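J.: quick one, structure for this:
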Amino acid sequence: MATGAAASVQVQPATAGAFGLDNDPHAGSDSGAANAIRVEGKDPGAYADQVQAEVSAATSGEATAFDLAIIEDGVYREAFPNLSMDPSHERYVERIVNDERLGSNLVRVTDQLLPGQPVPAPQTVQLAGGNDGLAGLDDNDFVGSETGKTGLHAFDQVQDLSLLLVPGRATSAVHNAMVSYCEVDRDGTVFAILDPPANQSATGIVTYVQTTAALLNLTEYAAIYWPRVEVLNPAKSVFGPADKIVVPPSGIIAGVFARTDSARPGGVYDPPAGIDKGRMFGVLGFETDEVLEEAKRDLVYPKRINPLTTGPGLPRYIDGSRTLKGGGNFPYVAERRGVIFIERSLKQGLQFARHKNNTEGLRAQVRRTITAFLLTQMNNGAFRSREPSKAFFVDVSDTLNTPSVIFAGKLIARVGLATNKPAEFIVLRISQDTRALEAELAAAGA
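T.: You can find the predicted model right below:
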């Protein structure tokens, strides 16, 4: 705690390893003071080791008030002026700083004084002892178990999960577990974005995908991107003094997905790639410049690896939209994610049919519901044709719903979709235009 002539700010750890706290003595101006405020990191993590809490005289000049500033990495991030230690006051310190909407994003405070005690003396205290809990983690911690709901299975009860990322954990075990989780555990309703391992050349990433992790042609429910990317260093106290750092691209890729999805109705059907929709804001460079060479990109394309690149006058962008499996029904990212969206939407939209009598009338209603939804998606660009008969079909016939199916309590609907395919390569064939010469020769010979 920090002592002072009037009162102090106390920074101490709680039980069970609270984060961003310390219980070390801090020099003050006097002894015998009461602890005034406990300050702790808002969230678990070592980030709070870079946070300071500064108490100063109130801006208003009131003796019964004080100002609190929160400093991170030496930069003043938050200011809370004219705070009070009186619980009935509108500027009571806990009420203002701990407010979920307008309060601090970095710390939480606890009033440790009895009503009527003085305000804390001017001082600055450093939070310490934070722990991200990452030391010693191995692949098993990320893969987790269904029984303990750890690792990937921590998402088991997240119903609206649509994308799965494990930023920076690019190992064969984790990647294969992600694929299995999306395709099997989540019944093909989740899509995984895979990071490349660090320091991969073009031949290195090909070896990893094809041999080390055996990902090639494994699944339509995941895509891998290469290489890692350079971004501005967001916290030099954490990542070192360099102005730029290399990070896994999956978070940025997910941002591109989200931007494309929300750009228009039916955005999920647009490939999140290319110099327009695939543009990666905030990316300053790449871990390897090999990706700038067309010959190197030609090495990774056939192995279903999506390169991240740029060119003269072009932004940095995603230059591929392939899933890991080329021989499946929906081998492209937008195709597979679009079908996931349609399937999830139909499952939700058909909940009305559950526990109703399985009659011809119910099956006709199911057919109409599916058809109406698919017509909307057709108009949003989901399919290769704007003619319903060429875009999709819906079958809820008696052929599918036989007496044995009905007795089993099932209603089966079969849906076929003619999805879009992206234009991956633009092929130009340029030849000499000899029409004028041929006309002249023809005229001369006439």
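J.: and residue 419, how many residues sit next to it?
T.: Using other Cβ atoms under 10 Å, residue 419 has 19 other residues around it. (C-beta placed from N, C-alpha, C; glycine too.)
J.: who's in contact with the strand or helix carrying residue 377?
T.: Per DSSP states H and E: residue 377 is located in helix 360-379. Identification of contacts with helix 360-379 by Cβ atoms under 8 Å, 6 or more residues apart in numbering yields 266, 269, 342, 345-346, 349-350, 352-353, 356, 382-383, 385-386, 388, 391-392, 394, 396, 401, 411, 413, 415, 417.
J.: take those residues and keep only those in helices.
T.: 342, 345-346, 349, 388, 391 (DSSP state H).
J.: just the buried members of these?
T.: Buried subset of the ones in helices among the contacts of helix 360-379 (neighbour count, 16 or more other Cβ atoms under 10 Å): 342, 346, 391.
J.: which one among those gets closest to residue 165?
T.: Nearest to residue 165 among these: residue 342, at 22.6 Å, using Cβ to Cβ.
J.: where's the nearest residue to that closest one once chain neighbours are set aside relative to residue 188, distance?
T.: Leaving aside its sequence neighbours, residue 342 sits nearest to residue 377 (Cβ to Cβ, 6 or more residues apart in numbering; 6.3 Å). Computed with Cβ to Cβ, to the nearest Å, the distance linking residue 377 and residue 188 is 18 Å.
J.: more neighbours, these two?
T.: Each of residue 377 and residue 188 has its neighbours counted (other Cβ under 10 Å); residue 377 has more, 21 against 17.
J.: relative to residue 190, how far out is the more buried one?
T.: Residue 377 is 20 Å from residue 190, by Cβ to Cβ.
J.: would you list the buried ones among the ones in helices among the contacts of helix 360-379 in TSV and tack on pLDDT and distance to residue 74?
T.: Below are those laid out as TSV (pLDDT from 0 to 100; distance: Cβ to Cβ, whole Å):
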residue	pLDDT	distance to residue 74
342	95	51
346	94	53
391	93	59
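J.: any idea how far the lengthiest strand in the chain is from the chain center?
T.: Secondary structure of the chain per DSSP state E: the longest strand is strand 75-84. How far strand 75-84 lies from its chain's middle: 31 Å, per Cα atoms, centre = their mean, to the nearest Å.
J.: tell me what that strand is packed against?
T.: Judged by 3 or more Cβ pairs under 8 Å, 6 or more residues apart in numbering; DSSP states H and E, the packing partners of strand 75-84 are strand 65-72, helix 93-97.
J.: list the buried ones in that strand?
T.: Buried, per 16+ other Cβ under 10 Å, within strand 75-84: 78, 80, 82-84.
J.: also stretch 437-446?
T.: Of all the residues in stretch 437-446, not one is buried under the rule 16+ other Cβ under 10 Å.
J.: which other residues reach that stretch?
T.: Counting by Cβ under 8 Å, 6+ apart, no residue sits against stretch 437-446.
J.: the chain should start at 11 in everything you say after this.
T.: Okay, residue one is now 11; in that scheme the one you just asked about reads as stretch 447-456.
J.: what's the offset of that stretch from the middle of its chain?
T.: Counting by Cα atoms, centre = their mean, stretch 447-456 comes out at 66 Å from the chain centroid.
J.: convert stretch 421-441 to PDB, retaining C-alpha atoms only.
T.: C-alpha atoms of stretch 421-441 as PDB (Å, rounded to 0.1, in the frame of the first residue of the first chain):
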ATOM      1  CA  LEU A 421     -39.500 -34.900 -41.400                       C
ATOM      2  CA  ILE A 422     -36.900 -34.900 -44.200                       C
ATOM      3  CA  ALA A 423     -36.400 -32.000 -46.600                       C
ATOM      4  CA  ARG A 424     -33.800 -32.200 -49.400                       C
ATOM      5  CA  VAL A 425     -32.300 -28.900 -50.700                       C
ATOM      6  CA  GLY A 426     -30.000 -28.500 -53.700                       C
ATOM      7  CA  LEU A 427     -28.100 -25.300 -54.300                       C
ATOM      8  CA  ALA A 428     -26.300 -24.000 -57.400                       C
ATOM      9  CA  THR A 429     -23.700 -21.900 -55.700                       C
ATOM     10  CA  ASN A 430     -21.400 -19.300 -57.200                       C
ATOM     11  CA  LYS A 431     -17.800 -19.900 -58.100                       C
ATOM     12  CA  PRO A 432     -15.200 -17.100 -57.900                       C
ATOM     13  CA  ALA A 433     -13.100 -16.100 -60.900                       C
ATOM     14  CA  GLU A 434      -9.600 -16.900 -59.500                       C
ATOM     15  CA  PHE A 435      -7.500 -16.200 -62.600                       C
ATOM     16  CA  ILE A 436      -7.900 -13.700 -65.400                       C
ATOM     17  CA  VAL A 437      -6.500 -15.100 -68.600                       C
ATOM     18  CA  LEU A 438      -5.700 -12.700 -71.400                       C
ATOM     19  CA  ARG A 439      -4.900 -13.900 -75.000                       C
ATOM     20  CA  ILE A 440      -3.500 -11.000 -77.000                       C
ATOM     21  CA  SER A 441      -2.800 -11.200 -80.700                       C
END
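J.: nothing else from me, thank you.
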